[in-house]
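> dropping a prediction and its sequence here:
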Amino acid sequence: MPTLADLMARVSFLAAMPAVAGVLITANLLVISRDWRLNIVAFAAQYFFIVLLLTQLIRLEVAAVKGLIGWMICMVFYLTERRAEELSRKERGEEEETPEPAAPSRRWVMSAQASFGLLSGLLLTVAAYTAALRLPLPVVPPNITLACYLLAGLGLLLVGISETPMQVGFGLLSFLSGFDLFYVALEPSLAVAGLLGAVSFLIALAMAYLRAAQAAARRKEGAW
Amino acid sequence: MVAGIILLLVLPLIMGGVVYFLLRWTTVAALLSIATTVLLGLAVTTLPLDRPVRLWGGPPIALGETVTIFGRELVLEEADRMAMAFMFFTAAGIFFLAWRAAPRSPLFPMGLGLLSLFTGALLIRPLIYAALLLEIAAALAVFALQEEGAPPTRGGLRYLTFTTLALPGLLVIHWLLARYALTPDETKWLGAAATLLAFSFALLLGAVPFHTWVTALARDSAPVAGVFVLTVGNAAVWFLLLDFLETAPWLSGHSHFGPLVLSVGLVTVAVGGALASAQRRFGSLLGYATLADNGAALVALGTHTHLGIALIFLLLLVRPFGLGLMAIGLSGLRARSGGGDRFENLRGQGWRSPWSTAALLFGGLSVAGMPVSAGFIGRWALCRSLLPSSPAAALFLLLAGVGVLSSLWRGMAALVARPRSPENRSVVANIPPESHLTAAVIAAAIVAGVVVGLFPQVLAPVTLRMAAGYTFFAP
C-alpha cells in the first residue's frame, strides 16, 4: 500500500506553478459562484493545492494535517448547507426527494453578481501578480508569494462583497490560508500551527452556526 | 502545590461547561457564573504573588508561579493582576444583568470561556499566542452574540472578520522585531513592525475607519452579549496594547506616536459623536456612543502622559455602567416590541416598560458623559487634563457627548409619548408588566452608576494602582 510520501511524490509535479494556478482558479470560483455545492468542491480543491504548496516549506506530515483540517471544514460546511436546504425544502412543503422541475431551455446568461465577481476577481489577480513582482515576501519563493497574495486578496474580496455567513467564511478562511502559507516559513512552531488550525476550525463552526440560525429564522418567518 | 495561573485558566472553562448544561435554569446558571467570576476576581486581587497560600485546608496555591505550557511561559505580573480583576468583576456585573435581560442566553457559558481565553492572552508570552487566543475568543463570541430565532447577526460576522484581519499583523510583528534585534542598522523592520502594530490595534479597538464592527455589533447582536465584547473584550485588547508598549519603549517614545494616536482618537470621537446624533435606533445609538468612548480612550493615550494611562483605565472602568444599563434597557424594550428598536416603533413603550426606559435613560446619560453618572467622571477628568494643552480636543469630547445626548433625547421623547388612540391603549393592557426582580436588578444597576458618579474617589485609587504597572510614559 503506498504511503503518504509515495502519494505526494506522484503529485509533486503539481507542487509549484500548477498549484498556484489551481489556487487562482478555485479562489476565483469562490468569488464568482453562489452555488454551495460548487463552492465546497472548489474550497476542498483549494486546500489540496495549498497542501501541495506547503510541502515546499514544511514537513509533509504537518502539511497533511493542515489539509485534513481544511477538508473537515468542508465537511462541516457541506453538512450545514445540506441541512439548511432540507429545512428550506420542508418550508416550501416539498417532498424529501422530489426532483426539481426541469427548467425551460434558455440561453446561458451570467448574473450581474457573478459578472461583478469575475471582473473584480480578475482585477485582483492582476494586482496580486504585480504585488508578487514588486513586493516579494521574505523567506518564501516567488510562487508561494503569488499564492499568498492571491489567497489573501481574493479572500478579502469575498468577505467584502458577501453578506451570507458561508461566503464570508470561505473568504476569511481563504485569507487565513494565504497568510498561513507565508507564516509557516517564518514560524515553524507546531504550537502555532495547531492554534492556527484551531482558529480556522472555530471560524468554520461559527459560520455554520450562523448559517443554521439563518435557515431557522427563515423557517420561523415562513411559519408566521 | 497548585499553580494559581492554571486555576485562573481552567476554572472558568470547567464552570462554562457546567453552566452550559444548566442553561435551562437561568437563575442557577447566572448565580454559578456570577459566583465563579466574583471568586476569581477576589482571588486574583487578594492572594499574594510572592508566596503560596493554603485556602480552607486545601493544597497550597501559588498565584505568582510561572507556568510553562508547550514551551510557552504564562506569567502573572502586578499590572495583569488588576487587569484580570477588572475583567472578572465586569463579567460578574454583566452576568447579573443577563440574568434578567437574557434568560437562557449562551452568554453565560460562552462568557466564562471567553474570560479564560482573555486571561490566557494576558498571561502568555510572547504576543503572538495572545493574538491567536484573541482570535479564538472572537470566534467563540459569535455563538453568544447570535440571538435565538433571529437572522444571523452582522455584528458577530464583522467582529470576527476584523479580528481575523488584525491577526496577521500581530503575528508578523514578533518576527520583524526579532530581525531588527539581529540587524539593528536596518530600521525598515522597525518601521514595518510599528505600521503593522498600529493597523492591527486600530482594527481591534474599532478606531475610525475600522469602526464598522463596533456599530454593527451594537445594532444587530444580543445587547448584553454585545456589551460583554465591548467592555471585557475591549479591555483585554487595551491591556494587551499597554503590555506591548511597556515592552517596546521605542514605539511609545517615537516623536509621532502621541500626535498620531491623538489624531485618530479625535477623529473617532468626532465620527462617533456626529453619527450618534443622527441615529434613529437605540442599538445604533449604543454603537456610536461606544465609538465616541473608544475615541476618548485613544485621546487619553495620545496625551503621552502617565495621567493619560490612568484616564484610559478610568474610562474602561466606568464604561460597563453605562453600556450595561443601556443593554438591559434595550433588551427589555426589544422583547416588548417584537425585536425592533427604532424610535418610531417604540412610541409610548416607556409607559409599558418604565424600568427598561429608565435603564436606557441612565445608561445613555452615562455613555454621553453627563453629570451624576458614572461616565461623567471619566470624560470630565479627560477634558480637564486636555484643557491646558489642547482645548479643541476637550471641546470635541464635549460635543460628542452632546451628539449622543441629542439622539437620546429624541429616543426618550418617542418612548414617553402618550399612545395616540384607544386601540393602542388596548395593546398596552395585553403586555405583562416588568417583573419585580427585573426592576430590582435595574434599580441596583442605576444606583451603582449614580454612586460611582457622585463618589469618583471610589475608583480613583484603583485606576492609579492599575496605571502604576506601566512606566513607559514616566518621566
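Thanks, I have it. Residues are numbered from 1 along each chain as shown, chains lettered A, B, ... in the order given.

> number of nearby residues for residue 125?
Because you didn't say which chain, this covers chain A. 19 (other CB atoms under 10 Å in any protein chain shown). Bear in mind the C-beta positions are built from the backbone N, C-alpha and C, glycine included.

> nope, chain B
Considering only other CB under 10 Å, residue B:125 is surrounded by 14 other residues.

> contacting residues around the closest residue to it other than its chain neighbours?
Distance criterion CB to CB, 6 or more residues apart in numbering or on different chains; nearest residue to residue B:125, sequence neighbours excluded, is residue B:73 at 5.0 Å. By CB atoms under 8 Å, 6 or more residues apart in numbering or on different chains, the contact set of residue B:73 is B:66, B:67, B:124, B:125.

> mind listing the helices for the stretch 251-400 of chain B?
Along the stretch 251-400 of chain B, the segments classed as helices by DSSP state H, counting those that start in this stretch run B:257-276, B:282-302, B:306-336, B:349-352, B:354-368, B:374-386, B:391-415.

> for chain A, which of those helices is the nearest?
Smallest distance to chain A across the helices of the stretch 251-400 of chain B (CB to the nearest CB): 15.3 Å, for helix B:306-336.

> close to chain A, is the closest one?
No - for helix B:306-336, no contact with chain A is found by CB under 8 Å from any CB of the partner chain; the gap never falls below 15.3 Å.

> report the angle between that helix and helix B:391-415.
Here helix B:306-336 points in a direction 10 degrees away from that of helix B:391-415 (axes from the mean of the first three to the mean of the last three CA atoms, to 10 degrees).

> average model confidence for helix B:306-336?
Averaging pLDDT along helix B:306-336 yields 94.

> before we move on, what about stretch B:235-245?
Averaging pLDDT along stretch B:235-245 yields 94.

> just the CA atoms of it, as CSV, please.
Coordinates of the C-alpha atoms in stretch B:235-245 are reproduced here as CSV (Å, rounded to 0.1, in the frame of the first residue of the first chain):
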residue,chain,number,x,y,z
ALA,B,235,-10.4,45.9,27.9
ALA,B,236,-8.4,42.8,27.1
VAL,B,237,-7.2,44.4,23.9
TRP,B,238,-6.3,47.6,25.7
PHE,B,239,-4.3,45.7,28.3
LEU,B,240,-2.5,43.8,25.6
LEU,B,241,-1.7,47.1,23.8
LEU,B,242,-0.4,48.6,27.0
ASP,B,243,1.6,45.5,27.8
PHE,B,244,3.2,45.7,24.4
LEU,B,245,4.0,49.3,24.7
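
> residues in contact with that stretch?
Residues contacting stretch B:235-245 (CB under 8 Å, 6+ apart): B:79-80, B:83, B:86-87, B:90, B:118, B:121-122, B:127, B:130, B:134, B:137, B:197, B:201, B:204-205, B:251-252, B:297, B:309, B:312, B:316, B:470, B:472.

> lowest mean pLDDT among the helices and strands of chain B, which one is it?
Within chain B, confidence by mean pLDDT, DSSP states H and E is lowest for helix B:422-430 among all helices and strands, at a mean of 52.

> by neighbour count, which of the contacts of residue B:73 wins?
Highest neighbour count within the contacts of residue B:73, by other CB under 10 Å: residue B:124, with 22 neighbours.

> tell me what that residue is bridged to.
Beta bridges link residue B:124 to residue B:74 when assigned by DSSP bridges.

> contact partners for it?
B:72, B:73, B:74, B:130, B:133.

> help me confirm that residue A:178 comes into contact with residue A:151.
Yes - between residue A:178 and residue A:151 there is a contact at 2.9 Å, judged by CB atoms under 8 Å.

> so which of the two has more stuff around it?
Remark: of residue A:178 and residue A:151, residue A:151 carries more neighbours, 30 against 26, as counted by other CB under 10 Å.

> pretty sure the more buried one contacts residue A:182?
No - applying CB under 8 Å as the test, residue A:151 and residue A:182 come out as separate, 9.5 Å apart.

> can you count the residues close to residue 27?
In the absence of a named chain, this looks at chain A. Counted with other CB under 10 Å, the neighbours of residue A:27 add up to 32.

> chain B, not that one
Neighbours around residue B:27, by other CB under 10 Å: 12.

> with residue B:389 instead?
By other CB under 10 Å, the residues close to residue B:389 number 12.

> could you do residue B:212 as well?
Neighbours around residue B:212, by other CB under 10 Å: 17.

> same check, this time on residue B:290
29.

> residues touching it, list them.
Residue B:290 neighbours (CB under 8 Å, 6+ apart): B:206, B:214, B:218, B:230, B:272, B:319, B:323, B:367.

> could you report the pLDDT at it?
Listed pLDDT for residue B:290 reads 95.

> now do residue B:96
pLDDT, residue B:96: 95.

> please name the residues that touch it.
For residue B:96, the contact set (CB under 8 Å, 6+ apart) comprises B:30, B:34, B:441, B:445.

> can you check residue B:366 too?
Residue B:366 sits next to B:318, B:321, B:322, B:325, B:373, B:374, B:375, B:376, B:449, B:453 when contact means CB under 8 Å, 6+ apart.

> in CSV, list these along with neighbour count.
Shown next, in CSV, are these (neighbours: other CB atoms under 10 Å in any protein chain shown):
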residue, neighbour count
B:318, 28
B:321, 28
B:322, 31
B:325, 30
B:373, 26
B:374, 29
B:375, 30
B:376, 23
B:449, 26
B:453, 22
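
> tell me which two of those sit farthest apart.
Taking CB to CB as the measure, those span a maximum distance of 13.8 Å, between B:325 and B:376.

> residue B:322 is in contact with residue B:377, isn't it?
No - counting by CB under 8 Å, residue B:322 stays clear of residue B:377, with 11.3 Å between them.

> now the most centrally placed residue in chain A: how far from chain B?
Nearest to the mean C-alpha position of chain A, by CA atoms, centre = their mean, lies residue A:43 at 3.4 Å. Applying CB to the nearest CB, to the nearest Å, the value for residue A:43 to chain B is 17 Å.

> quick one, what contacts that residue?
For residue A:43, the contacting residues are A:26, A:30, A:70, A:73, A:74, A:77, A:170, A:173, by CB under 8 Å, 6+ apart.

> ok, residue B:252 next?
With CB under 8 Å, 6+ apart, residue B:252 has these contacts: B:245, B:304, B:472, B:473.

> same question for residue A:128.
A:146, A:149, A:150, A:153, A:154.

> what's the answer for residue A:15, then?
Residue A:15 is in contact with A:52, A:53, A:55, A:56, counting by CB under 8 Å, 6+ apart.

> which of those residues fall within helices?
Those of these mapping onto helices are A:52, A:53, per DSSP state H.

> out of the contacts of residue A:15, who's nearest chain B?
Of all the contacts of residue A:15, residue A:53 has the smallest distance to chain B: 17.3 Å, by CB to the nearest CB.
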